[in-house]
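1. Provided below are the primary sequence and the corresponding predicted coordinates.
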Amino acid sequence: MEPAGFPLFPEQASTIAGGVDHLFLFLVLVAGFFSALIFILIFVFAIKYRRRSEDQKAVQIEGSVKLEIAWSVIPLLITFVMFGWGATLYVRNSRPPANAVEVFVVGKQWMWKLQHIEGQREIDELHVPVGRPVKLTMTSEDVIHDFFVPAFRVKKDVVPGRYSTIWFQATKVGRYHLFCAQYCGAQHSAMTGWVYVMKPVDYERWLSGGGGESMETSGEKLFSRFGCVNCHVADGSGRGPSLVGVFGKPVLLETGETVMADEAYVRESILAPNAKIVKGYPAIMPTFQGQVSEEQLLQLIAYVKSLRTAERKTK
Ligand code: CUA
């Protein structure tokens, strides 16, 4: 089955596209079958059971257990299939593989600003290698946008104040449309762009062409510029907790609760430091709300993430 040949379908250019199309086709066929069945039966019954003479009396039917079981159990089984199939695809599509290429996305009225972990920046364009998983960590600096690449069958709201992630693995070299799929103001329809899927060698060449610094290095500079380094001393002797080896691990809080040190946690710790206090440390950190941009936040997170491994050290 290859629905891509059908002109209403966008090209299939990711590993998940075929699966999404098959599920969609299944839903359309089930809905079409039952719509047809219901309309045909309406007409058949209207004709078959019509009143044939003025004095004809209707015969009451008091119900049928067999019929009721049939029309309950059959749709139940069909919806179970829909649920199981859809959930499988959803779970698969919401867990990026660990080796994914990392790209960060900030939506704003009315453009997409992207930065690769290696430092390359782009606007309304995304360059990715073919055949490798790509993970996007996305947020918005104003209103809700939605990152949509029809050929990959990936689409997710990009919401201010939080991170959403999607991932895909492109299967074909080429150029694919990128849309904002959430009405976000006067120029919403112009908030479009292109995803360029490149051969790995071309991608590496493109990536090294920019000459910018990596997000980790940018983050490291911000870490000193904002004075974070004065309290978050690497050896743990500072007024704030050391951030070495913290990312991706559980953190014990003053309340006795444990939270996972992920992107959302680091972001919250910068913008609302007193929301979660690390056990054994005083609540003295000031907020950086309004002083760091979304892009700088992502760079700081990239830096904190890089401290997870031993090769990088805080100065
Ligand atoms: Cu951004 Cu619509």
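-> Ah, there it is.

2. can you tell me what sits against stretch 78-95?
-> With CB atoms under 8 Å, 6 or more residues apart in numbering as the test, stretch 78-95 has contacts from 16, 19, 20, 23, 26, 27, 30, 154, 165, 166, 167. Quick note: C-beta positions are derived from backbone N, CA and C, even for glycine.

3. now render those as CSV, adding neighbour count.
-> Output for these, formatted as CSV (neighbours: other CB atoms under 10 Å):
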residue, neighbour count
16, 18
19, 17
20, 18
23, 16
26, 16
27, 13
30, 15
154, 19
165, 16
166, 21
167, 23
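
4. what's the domain layout of the chain?
-> Domain assignment for the chain by automatic domain parsing gives 3-48+62-93, 101-208, 215-314.

5. as TSV, those with mean pLDDT would be great.
-> Formatted as TSV, these follow (pLDDT from 0 to 100):
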stretch	mean pLDDT
domain 3-48+62-93	90
domain 101-208	91
domain 215-314	81
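
6. in stretch 144-162, what counts as buried?
-> Using 16 or more other CB atoms under 10 Å as the test for burial, stretch 144-162 gives 145-154, 156-159.

7. quick check, nearest of those residues to the ligand?
-> residue 145 (3.4 Å; CB to the nearest ligand atom).

8. how many neighbours does the residue lying closest to residue 302 once chain neighbours are set aside have?
-> Leaving aside its sequence neighbours, residue 302 sits nearest to residue 215 (CB to CB, 6 or more residues apart in numbering; 3.8 Å). Neighbour count of residue 215, defined by other CB atoms under 10 Å: 26.

9. separation between residue 215 and residue 182?
-> Distance check for residue 215 against residue 182: by CB to CB, to the nearest Å, it reads 26 Å.

10. re earlier: is it true that the residue nearest to residue 302 touches residue 114?
-> No. Residue 215 lies out of contact with residue 114 (CB atoms under 8 Å); the separation is 11.4 Å.

11. what do those two both touch?
-> Contacts common to residue 215 and residue 114, judged by CB under 8 Å, 6+ apart, are residue 104.

12. distance of residue 19 from residue 88?
-> 9 Å.

13. of the contacts of stretch 78-95, closest to residue 227?
-> Residue 227 lies nearest to residue 165 out of those, by CB to CB, at 29.8 Å.

14. now the helices for this protein?
-> 17-48, 65-93, 200-209, 215-225, 228-231, 263-271, 294-306 (DSSP state H).

15. and among these, the most buried is which?
-> By mean neighbour count, with neighbours taken as mean count of other CB atoms under 10 Å, helix 294-306 ranks first of the helices of the chain at a mean of 23.

16. which elements pack onto that helix?
-> Using 3 or more CB pairs under 8 Å, 6 or more residues apart in numbering; DSSP states H and E, the elements in contact with helix 294-306 are strand 101-108, strand 111-116, strand 133-140, helix 215-225, helix 263-271.

17. neighbours of residue 116, just the number please.
-> The number of residues near residue 116, taken as other CB under 10 Å, comes to 23.

18. only C-alpha atoms, please: export stretch 14-22 in PDB.
-> Extracted C-alpha coordinates of stretch 14-22, given in PDB (Å, rounded to 0.1, in the frame of the first residue of the first chain):
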ATOM      1  CA  SER A  14      10.700   9.900   7.100                       C
ATOM      2  CA  THR A  15      10.800   6.500   8.800                       C
ATOM      3  CA  ILE A  16       7.500   7.100  10.500                       C
ATOM      4  CA  ALA A  17       5.600   8.500   7.400                       C
ATOM      5  CA  GLY A  18       4.500   5.100   6.100                       C
ATOM      6  CA  GLY A  19       3.100   4.000   9.500                       C
ATOM      7  CA  VAL A  20       1.200   7.200  10.000                       C
ATOM      8  CA  ASP A  21      -0.400   6.900   6.500                       C
ATOM      9  CA  HIS A  22      -1.400   3.300   7.100                       C
END
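
19. got the residues of this structure near the ligand?
-> 107, 110, 145, 180, 182, 183, 184, 188, 191 (CB under 6 Å from any ligand atom).

20. out of these, which is nearest to residue 241?
-> residue 107 (31.8 Å).

21. contact partners for that closest one?
-> 113, 138, 139, 140, 141, 142, 145, 147, 158, 180, 184, 191.

22. identify the bridge partners of the residue nearest to the last one when sequence neighbours are not counted.
-> Pointing back at residue 191 there. Nearest non-adjacent residue to residue 191, counting by CB to CB, 6+ apart: residue 180, 3.7 Å away. Residue 180 has the following beta-bridge partners by DSSP bridges: residue 147.

23. wait, isn't residue 180 in contact with residue 157?
-> No. Applying CB under 8 Å as the test, residue 180 and residue 157 come out as separate, 10.3 Å apart.

24. anything in contact with each of these two?
-> Going by CB under 8 Å, 6+ apart, residues that sit against residue 180 and also against residue 157 are 145, 146.

25. one step back: of the residues of the chain next to the ligand, buried ones?
-> 107, 110, 145, 180, 182, 184, 188, 191.
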